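**Q** Sequence and predicted structure, then a few things I'm wondering about:
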Amino acid sequence: MAVDELDTRILRLLLEQPRTSVREYARILGVARGTLQARLDRLERDGVITGTAPALSPAALGHPVLAFVHIEVTQGHLDEVGDTLAAVPEIVEAFSITGGGDLLARVVARDNGHLEDVVQKLISMPGVVRTRTEVALRERVSHRMLPLVESIGRSARR
């Protein structure tokens, strides 16, 4: 989908001021409210905007340990294991991957003992062959989209 300069300005505002009203966004951007709403609707319909939920901190919710668990799956059981992972609340994301393993799960835990319990639960799942866990020590770059949006905006101006 083509994202033009106005779209990138809208996305930037959404990222920088997520709790602002559509009317206020339109005023800041100098466009009609209807124009802005039509752009927002298109960005949602095209899958550029995928949600409006607040970002939550697992650490502030009592789960400060973050680990990435590589999961090797028995051939032909990827979908089943993926569906089973969705039932584990400590798994906040999971991806099919290439390389060392079949799935990569982002796991949060209360402490290292709790992390071990979660990993043991994963190992005992039908279709899981083995796991490899890497504990994150410190976040160096938090999840972000603004630099990408700005880069796309610069390309749209050319």
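**A** Here it is on my side, so go on. Numbers count the residues shown, from 1 in each chain.
**Q** Val118 is in contact with Val88, isn't it?
**A** Yes. Judged on Cβ atoms under 8 Å, Val118 makes contact with Val88 at a distance of 6.8 Å. The way it works is simple: take the backbone N, C-alpha and C, and place the C-beta from them, glycine included.
**Q** between these two, who's got more neighbours?
**A** Higher neighbour count among Val118 and Val88: Val118, with 22 against 15, using other Cβ atoms under 10 Å.
**Q** residues in contact with the more buried one?
**A** Val118 is in contact with 88, 90-91, 107, 109, counting by Cβ atoms under 8 Å, 6 or more residues apart in numbering.
**Q** ok, and the closest non-adjacent residue to it?
**A** Excluding the flanking residues, the one nearest Val118 by Cβ to Cβ, 6 or more residues apart in numbering is Glu90, at 4.8 Å.
**Q** quick one: that neighbour and Val108, what's the gap?
**A** Counting by Cβ to Cβ, to the nearest Å, the gap from Glu90 to Val108 is 6 Å.
**Q** which neighbours do those two share?
**A** Common neighbours of Glu90 and Val108 (Cβ under 8 Å, 6+ apart) are His63.
**Q** residue ranges of the helices in this structure, please?
**A** Here the chain has its helices, by DSSP state H, at 5-16, 22-29, 33-45, 78-85, 112-123, 146-157.
**Q** Pull out the CA atoms of the last one and give them to me as PDB.
**A** What follows is the C-alpha trace of helix 146-157 in PDB, where atoms were taken according to Å, rounded to 0.1, in the frame of the first residue of the first chain:
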ATOM      1  CA  LEU A 146       8.400   6.200  14.500                       C
ATOM      2  CA  PRO A 147      11.800   6.000  12.800                       C
ATOM      3  CA  LEU A 148      10.400   3.700  10.200                       C
ATOM      4  CA  VAL A 149       7.400   6.000   9.600                       C
ATOM      5  CA  GLU A 150       9.800   9.000   9.200                       C
ATOM      6  CA  SER A 151      11.900   7.100   6.800                       C
ATOM      7  CA  ILE A 152       8.900   6.200   4.700                       C
ATOM      8  CA  GLY A 153       7.700   9.800   4.900                       C
ATOM      9  CA  ARG A 154      11.100  11.000   3.500                       C
ATOM     10  CA  SER A 155      10.800   8.500   0.600                       C
ATOM     11  CA  ALA A 156       7.200   9.700  -0.100                       C
ATOM     12  CA  ARG A 157       8.400  13.300  -0.500                       C
END
